[in-house]
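Peer 1: Sequence first, then the predicted structure, then my questions.
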Amino acid sequence: MISFIIKRVLLIIPIMFVVSFLVFTILRLGPVDPAQAYLLNSRIPPTEEALKVTRAELGLDKPFFTQYAIWLKGAVTLDFGLSYMTKRDAFGDLIYYFPTTLKITFLAMIMVIIVSIPLGILGAVKKDSIADKIVKLFSFIGVSTPSFWFGFLLIYLFALKLNILPPFGFEGVSSYILPILTLGLMSSAINMRITRTSFLEHITSRSTKYLKIQGVSNNTIMGKYVLKNSMIPVVTSLGMHFGELIGGAVVVEVLFALPGVGRYVVSSIINHDYPVIQCFMILMTAVFIIVNLIIDIIYVYLNPKIKYGSII
Amino acid sequence: MKDKKLIFLFIMLGVIILSAIFAPLITPYSPYDIDLSNRFASISSSHILGTDHLGRDVFTRLIYGSRMSLISVLAIMVIILVLSLIIGSAAGFQGGKLDNVLMRISDVMLTFPTFILALFFIGVLGVGLINVIIAIAFTHLAWYSRIVRSIVLETKEKNYVLASKCMGTPKLKIVIKHIMPQVLSQVGILATLDLGHMMLHVAGLSFLGLGVQAPVAEWGVMINDAAPFIRQHPELMIYPGLCIFITVAIFNSIGERLKDRYKIKEDRSKESAV
Amino acid sequence: MSEKLISVENLSAGTKHNQILYNISFDIFAGEILCLLGQSGSGKTMTASAILNMMPENVAKTSGQILYGEKEFHNGIYGSYISTIMQNPASCFGSVFTIGQQFEDILKANNKEYTNEKMCKMLEMVSLSNPYDILNSYPHQLSGGMLQRVMIAVALSLESRVVIADEPTSDLDVLGQKEILDLILKLKNKNNAVLMITHNLSVVKHVADRIIVMENGHIVDNFYKDELYNNERHPYTQKLIDANESQYINKWNINFGAYNANM
């Protein structure tokens, strides 16, 4: 187990290296000239002269690999260059907004877990009952609803009509409720379905049948055997959904005017603010790698087939 | 085809597609006719669903909006299918080094959630519907290529393919005659399941202002346009959302039904790529 | 006459369109190994499912009843009154718990002593040599034959009245088959009975006290083992016997059958 973790942690370095190279290269392959983007952001007319000066200033006249090396050297010390828009340190800007984004992502994740797993299990245990039909309907609606629209509906209902929650901006804990509901809806729906399917599969499995005939009580079979077995695919899916949630957080932050990275990143995309985009991607990669590592550890812990190889 | 629900769903989809194609015949207005004297008109015989903040006919904009959504998901799918068929079959057939390189690249791409990756590609390409289409197509490419590769690998070992190989049928003919039909039918059904998901992506990116730009009639843009008037005129925001919801729901239901009917494996991409 | 443990009376069952069992009646007595012999599709597995009250969802009992001792079916029968040894044992144990944990849960549920010593003793009885290692391993780490023996050890320690063994030797090689059958013989005592479901007449010859032959959902023959070579056997039984006598013909039949089935 420990050697597995060490191996995975050591793998982070080459992965980050490859991703950083891909991000840097692909951005340079794009149709937009960074020098021009820089000038537009600084509201300077992009004359030939100005472009030349800017290229020299940003080091864009150097060979490609030199540029990459310079950037990488900075990136290792968390210096991703200055934002074209704000002329401030890109990393500093992002890290300032980042905690809010992480907070709503984690809170939404907790909501997904609390909602999807119990309801999915309920649907499976009471298959074809009214409860199951409601669970299925909910998950169907959840996967088909545009999350930002759902957010507006929530704002209209709870903030404007009933007036019990703040609509936009940040005014304390209650401001998190609507964004989290908005963000968690789709992932809850998808995970609910996965939980239900996985649980059902194990309820009807041969091992369940065997334990039942040998006299083991239904509660033990469901609460212990089926539960642990069926959580394996659910954990994998939750890991994947963390990424979807952090992506969705961008939308939700724009919608609810929350001070997360969302609006900053969207405007940096619109304005071709390359240092910010690069820094954002590297930051995201780091987050996903760490989350994936945690998920893999849980997965290995749950699944003895991986932990202990076959001895025959 | 005895599945009545499936037939019903296809009819619903057909209605949406036909209304998108024949939009000018259905409504007398243009989606861009601004009439500031007639803002926020309520439901009437001349404006079935009223007018918006610029006095444009809402029903007309909804009908024209379906064009954008349908065309963009169609374009995304075509790009994905063509490229993934090429990449996946190359990896599956050639094997060896090519396979290895392609699969490692797809590993890296699959680490990222699709939405973040789409944001990145838009950052590279710039804002606009065409770039959104390319970005979403690219973000799903790794997943589909893996599925194609997995089906190719499986079909390659089927007895009838081996038999035809033994009889000396040329490689290309085997691909076209035996393997492509398998790949197309299975990937096609999985793609139906994803159409709704992609439509939500397009709408979400338009909402962020990265995709279709106002004043174009598109459902995501319409929701965004209606946002400032949510307190007085929530219906302006509800209609386009419902349109997205219904269309996505139809795609999802058709996909689910087809998948169950033909017992398609959904999680092939997770199968080992080694 | 020894005690009647299970009596199946006039049992008929089927799906909406298809009748599967026709008027099945037989008893299981204490102290015997009763074999249900038949080809696949003969209804032998469905009969066993009916006794276990675990028929597939789309199959319903249309008539008849099954009595367990004097009583009708209730959930308390599992474990203490009936237990099972299933085929394909690799899929019968939960994959995320050790053999020991599952053995322990089964013993606990039946109010039996569940110490490690007790479980090791039971595993030794089915000639598993390193019982501690087995208790600590996960199902995927053991071979099919080992798991089949663990199942027999479980059945032994439950001391239930009827053990239903569904093709327990189907996944094993010839030597493994013999070992398992010998263990099943050991399982029998004067208080319990074993109901063995099989399509294999060699297996029947090895262990059975009494044999019930099924064909297309009917019981066609019911006799003690020493009557096996009587001339008055039902023609279907006779066919099975003849086929079994000549391995050569047997092989031909099987292969030909498989070929036809694939067409």
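Peer 2: Ah, there it is.

Peer 1: How many neighbouring residues does A:H241 have?
Peer 2: 24 (other CB atoms under 10 Å in any protein chain shown). Using the backbone N, CA and C atoms, a C-beta is placed for each residue, glycine as well.

Peer 1: ditto for C:E117
Peer 2: Neighbours of C:E117 using other CB under 10 Å come to 9.

Peer 1: any idea how far the residue nearest to the spatial centre of chain A lies from chain C?
Peer 2: With distances taken as CA atoms, centre = their mean, A:G243 lies nearest the centre of chain A, 2.3 Å away. According to CB to the nearest CB, to the nearest Å, A:G243 and chain C sit 26 Å apart.

Peer 1: Tell me if I'm right that that residue and B:P113 touch.
Peer 2: Yes. A:G243 is within contact range of B:P113, at 3.0 Å (criterion: CB atoms under 8 Å).

Peer 1: which neighbours do these two share?
Peer 2: Any residue near both A:G243 and B:P113 by CB atoms under 8 Å, 6 or more residues apart in numbering or on different chains counts here, and that gives A:F288.

Peer 1: ok now do the residue nearest to the centre of chain A, which residues does it touch?
Peer 2: Taking CB under 8 Å, 6+ apart, we find A:G243 in contact with A:288, A:291, B:112-113, B:116.

Peer 1: Tell me the one of these nearest A:L153?
Peer 2: For those, the closest approach to A:L153 (CB to CB) belongs to B:P113, at 24.3 Å.

Peer 1: quick one: contacts for the closest one?
Peer 2: Contact analysis of B:P113 by CB under 8 Å, 6+ apart lists A:240, A:243-244, A:246-247, A:288.

Peer 1: Now secondary structure too, for those residues, in CSV please.
Peer 2: Listed next are the contacts of B:P113 as CSV, based on DSSP: H, G, I helix; E, B strand; the rest coil:
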residue, secondary structure
A:M240, helix
A:G243, helix
A:E244, helix
A:I246, helix
A:G247, helix
A:F288, helix
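
Peer 1: burial count for residue 13?
Peer 2: If you meant another chain, say so; for now it's chain A. Close neighbours of A:I13, defined as other CB under 10 Å, add up to 9.

Peer 1: my question was about chain B
Peer 2: 17.

Peer 1: Would you indicate which residues of whichever strand or helix holds it are buried?
Peer 2: Element membership of B:L13, judged by DSSP states H and E, is helix B:4-21. For helix B:4-21, the neighbour count (16 or more other CB atoms under 10 Å in any protein chain shown) marks B:9, B:12-13, B:16, B:19-20 as buried.

Peer 1: what's the pLDDT at the closest residue to chain C within chain B?
Peer 2: At 11.5 Å from chain C, B:N159 is the closest residue in chain B, using CB to the nearest CB. Note for B:N159: predicted pLDDT of 79.

Peer 1: Distance check, it against B:T169.
Peer 2: Here the criterion is CB to CB, to the nearest Å. By it, B:N159 lies 14 Å from B:T169.

Peer 1: Neighbour count for these two, which is higher?
Peer 2: In terms of neighbours (other CB under 10 Å), B:T169 is the more surrounded of B:N159 and B:T169; the figures are 14 against 7.

Peer 1: and the closest residue to that one other than its chain neighbours, backbone torsions?
Peer 2: Nearest-residue entry for B:T169: B:K177, 7.8 Å, with adjacent residues in sequence omitted and distances by CB to CB, 6 or more residues apart in numbering or on different chains. Main-chain dihedrals, B:K177, degrees, to the nearest 10: phi -80, psi -40.

Peer 1: tell me the pLDDT at B:K177?
Peer 2: pLDDT recorded at B:K177 is 80.

Peer 1: Name the helix or strand for C:D221, please.
Peer 2: C:D221 belongs to strand C:218-224 when assigned by DSSP H and E.

Peer 1: Packing partners of that strand?
Peer 2: Identification of packing neighbours for strand C:218-224 by 3 or more CB pairs under 8 Å, 6 or more residues apart in numbering or on different chains; DSSP states H and E yields strand C:19-29, strand C:210-215, helix C:235-245.

Peer 1: tell me the mean pLDDT over the next helix or strand after the first one?
Peer 2: Helices and strands here follow DSSP H and E; after strand C:19-29, the next one along the chain is strand C:33-37. Across strand C:33-37, the average pLDDT comes to 92.

Peer 1: same for strand C:33-37, what does it pack against?
Peer 2: The elements that strand C:33-37 packs onto, with contact taken as 3+ CB pairs under 8 Å, 6+ apart, are helix C:44-51, strand C:193-198, helix C:201-207, strand C:210-215.

Peer 1: mean pLDDT for those: which is lowest?
Peer 2: Mean pLDDT, when computed for each of the helices and strands packed on strand C:33-37, is lowest for helix C:201-207, at a mean of 86.

Peer 1: how about the helices in the stretch 1-150 of chain B?
Peer 2: Along the stretch 1-150 of chain B, the segments classed as helices by DSSP state H, counting those that start in this stretch run B:4-21, B:23-26, B:58-94, B:96-111, B:114-125, B:129-156.

Peer 1: Check the stretch 51-200 of chain C too.
Peer 2: Here the stretch 51-200 of chain C has its helices, by DSSP H, counting those that start in this stretch, at C:99-109, C:116-125, C:131-135, C:144-158, C:174-187.

Peer 1: and those helices, which one's lowest on average pLDDT?
Peer 2: Per-stretch mean pLDDT for these is lowest at helix C:174-187 (a mean of 86).

Peer 1: buried stuff in it?
Peer 2: Of the residues in helix C:174-187, those buried by neighbour count under the rule 16+ other CB under 10 Å are C:176-177, C:179-181, C:183-184, C:187.

Peer 1: from those residues, which is closest to chain A?
Peer 2: Using CB to the nearest CB, C:G176 is the member of these that lies nearest chain A, at 13.4 Å.

Peer 1: I'd say the closest one and C:P168 touch.
Peer 2: No. Look at C:G176 against C:P168 with CB under 8 Å: they stay out of range, at 10.4 Å.

Peer 1: Quickly list what's touching both of the two.
Peer 2: The contact sets of C:G176 and C:P168 overlap at C:Q148 (CB under 8 Å, 6+ apart).

Peer 1: before we move on, the earlier item: CSV for the buried residues of helix C:174-187, including distance to chain A?
Peer 2: What follows is these, written out as CSV (distance: CB to the nearest CB, whole Å):
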residue, distance to chain A
C:G176, 13
C:Q177, 19
C:E179, 17
C:I180, 17
C:L181, 20
C:L183, 17
C:I184, 17
C:L187, 14
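
Peer 1: how close does whichever residue of the stretch 51-200 of chain C sits closest to chain A get to A:I213?
Peer 2: Residue nearest to chain A within the stretch 51-200 of chain C: C:G79 (1.7 Å; CB to the nearest CB). Distance, C:G79 to A:I213, by CB to CB: 7 Å.

Peer 1: and what of A:P63?
Peer 2: 73 Å.

Peer 1: quick one on the thing from earlier: which of the helices of the stretch 51-200 of chain C has the highest mean neighbour count?
Peer 2: helix C:144-158 (a mean of 24; mean count of other CB atoms under 10 Å in any protein chain shown).

Peer 1: follow-up on the earlier one: what residues does the strand holding C:D221 touch?
Peer 2: With contact meaning CB under 8 Å, 6+ apart, strand C:218-224 is reached by C:22-26, C:43, C:209-214, C:230, C:233-234, C:236-237.

Peer 1: got the residues of chain C near chain A?
Peer 2: Counting by CB under 8 Å from any CB of the partner chain, chain C comes close to chain A at C:52, C:54, C:78-80, C:82-84, C:86, C:88, C:91-98, C:102, C:105-106, C:109-110, C:137-138, C:140-143, C:154, C:158, C:164.

Peer 1: if we can go back for a sec, check the contacts of strand C:218-224 for burial and list the buried ones.
Peer 2: For the contacts of strand C:218-224, buried by 16+ other CB under 10 Å: C:22, C:24, C:26, C:43, C:209-214, C:233, C:236-237.

Peer 1: from those, which two are the most distant?
Peer 2: Largest separation among the buried ones among the contacts of strand C:218-224 by CB to CB: C:Y22 and C:D209, giving 25.2 Å.
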